[in-house]
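Colleague: Sequence and predicted model, in that order:
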Amino acid sequence: MQQELFTLIQEKGLHRAEIVEKIKEKQTQFHNLLTEEAALRILARENGVKLEKKEREVNGFDAAVVGQPASGLARILFVAEPRKFSSKNNDNGLVVNVGIAHNGGDATLVLWNRDAREFLATGARKNELILIKDALVKNLNPLELHTTLVTRIEKPTTTEQLTSENNISRASENKITIAKITAPLETIDLDCLVKKVAPLKSFNTNGKQGKICRLEVADETGSTNLVCWGEFAEIASKLLPVKKISCDNLCAKLNKLTNVIELHTTFQTRIIESKEKTEENGQREKEKTNINSLRDGDAGIIECTVKKLLEVKPIIMCSKCRMSLKAGVEKCQCGGEPEDTIVAEAIISDLDAVSEKSEMRCSFYDHRALHLLGMKSIAPDIAQTIAKLKGPELEGKNFTLKISVKQNNFLDALSATCREFI
């Protein structure tokens, strides 16, 4: 690929020695964040060479090499209990082990920190397909993959990817209703409604410490208790009554004190809140709309195209309420601490835009800016450098966003803030 780029740039009138020198200049300009090929791509664009966007190759894990990235299609067998940890550089660490199956057998995918949080937020469940791109191979027998800064976990989209799922083994399922749970069972998959949430409690039994939270859950056939342990106890304690949940890999045990069958979480349990909004909990999903229809104070979901990345800059936000703070402020009014992060500004338009009325300036703050840029972390002091690097790649990309709109008096126009990527 590099030789091809050299040839294309030379055809524009540059000698090879000039290209080599300009590569070094670009790498210095971008604080040595660029590989030689990335610098060549920038030079090619600057010299009018049109580059075709190629999909990343996904070859599977059969030829995986320890210490090298690997990509492939996999099926989720189970999602293990999330584990929090602290280290010298991270007081809020999170790791999740995901059991997966692929064409060559079974493996473990280890997700760290932001990757773990993003994966849990997707609601991915047992037996769903995922496309793993550029995970680091830590071990071969058994195969163990770890996420890094360049790893991507996506849903498969091509016909070839979807049809190859027949060669990948599935996890056992036991979807059941509450009325049929009359004896101890090792594996239960259940869709139910949260009726009551007991307070989160800590326990210390025989030197073993932990947390426990009891839920009363129900479906159309009856109700029962669901006992949640460890990290699942914290998740359960934050649920609201009348919230629908889906549970994979629960187990049923006999409570010897009450002689009643109860449900319990296991280390492979997955609890997912339903995205369905109900009038009972006072929430309602906004209908899809378009930019041309939005007015001051409106909010909605739009399908849009990035027309231009305007800038990426460092800002200071409150660690609690996420409001912007001025430099030098020691504490927010809410009590939160100042935190360095970034904001990305872009012009977006409706997919079928025919005039400037269908365009709007949109702000992407904090983790939403990272999502827009396709990155997992950015040092705020190199934000402007990243903007120069990522700008051309973003133009023409499509997204579905949940936004809110306000009148920007400085610009004398409406502007949007991205609340969520859909």
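Modeller: Alright, I've got the coordinates. Fair warning: this is a prediction, and the values are worked out from it, not measured in the lab.
Colleague: can you give me the strands for the stretch 101-250 of the chain?
Modeller: 105-112, 129-140, 143-146, 152-154, 185-197, 201-205, 208-219, 222-229, 244-255 (DSSP state E, counting those that start in this stretch).
Colleague: With the stretch 251-400 of the chain instead?
Modeller: 260-264, 270-273, 288-289, 299-318, 324-325, 338-350, 359-365, 398-408.
Colleague: Geometric centre of this protein: which residue is closest?
Modeller: With distances taken as C-alpha atoms, centre = their mean, the residue of the chain nearest its centroid is residue 118 (3.0 Å).
Colleague: Show the end-to-end separation of stretch 198-210, please.
Modeller: End-to-end distance of stretch 198-210 (C-alpha to C-alpha, to the nearest Å): 16 Å.
Colleague: Mind listing what's buried along it?
Modeller: residue 198 (16 or more other C-beta atoms under 10 Å). Yep, even glycine has a C-beta here, placed from its N, CA and C like the rest.
Colleague: For it, which outside residues touch it?
Modeller: Stretch 198-210 is contacted from outside by 211-215, 229-230, 233-234, 236-237, using C-beta atoms under 8 Å, 6 or more residues apart in numbering.
Colleague: rerun at 10 Å
Modeller: 211-216, 225, 227-231, 233-234, 236-238 (C-beta atoms under 10 Å, 6 or more residues apart in numbering).
Colleague: Quick check: chain neighbours aside, which residue is closest to residue 23?
Modeller: Leaving aside its sequence neighbours, residue 23 sits nearest to residue 39 (C-beta to C-beta, 6 or more residues apart in numbering; 4.6 Å).
Colleague: swap in residue 124?
Modeller: residue 76 is the one closest to residue 124 (C-beta to C-beta, 6+ apart), at 6.1 Å.
Colleague: separation between that neighbour and residue 225?
Modeller: 27 Å (C-beta to C-beta, to the nearest Å).
Colleague: of these two, who's got more company?
Modeller: residue 76 (22 against 17; other C-beta atoms under 10 Å).
Colleague: what lines up beside the helix or strand that contains that one in the sheet?
Modeller: Counting by DSSP states H and E, the element that carries residue 76 is strand 69-79. Next to strand 69-79 in the sheet, as set by DSSP bridges, lie strand 90-102 (antiparallel), strand 129-140 (antiparallel).
Colleague: Show me which positions of it end up buried.
Modeller: 69-79.
Colleague: How about stretch 249-269?
Modeller: Quick answer for stretch 249-269 (16+ other C-beta under 10 Å): 249-252, 261-266, 268-269.
Colleague: if we can go back for a sec, would you mind giving the strands of the stretch 251-400 of the chain as TSV with mean pLDDT and distance to residue 414 added?
Modeller: Converted to TSV, the strands of the stretch 251-400 of the chain look like this (pLDDT from 0 to 100; distance: least, C-beta to C-beta, whole Å):
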stretch	mean pLDDT	distance to residue 414
strand 260-264	95	50
strand 270-273	90	33
strand 288-289	79	13
strand 299-318	88	12
strand 324-325	80	19
strand 338-350	89	12
strand 359-365	92	6
strand 398-408	87	5
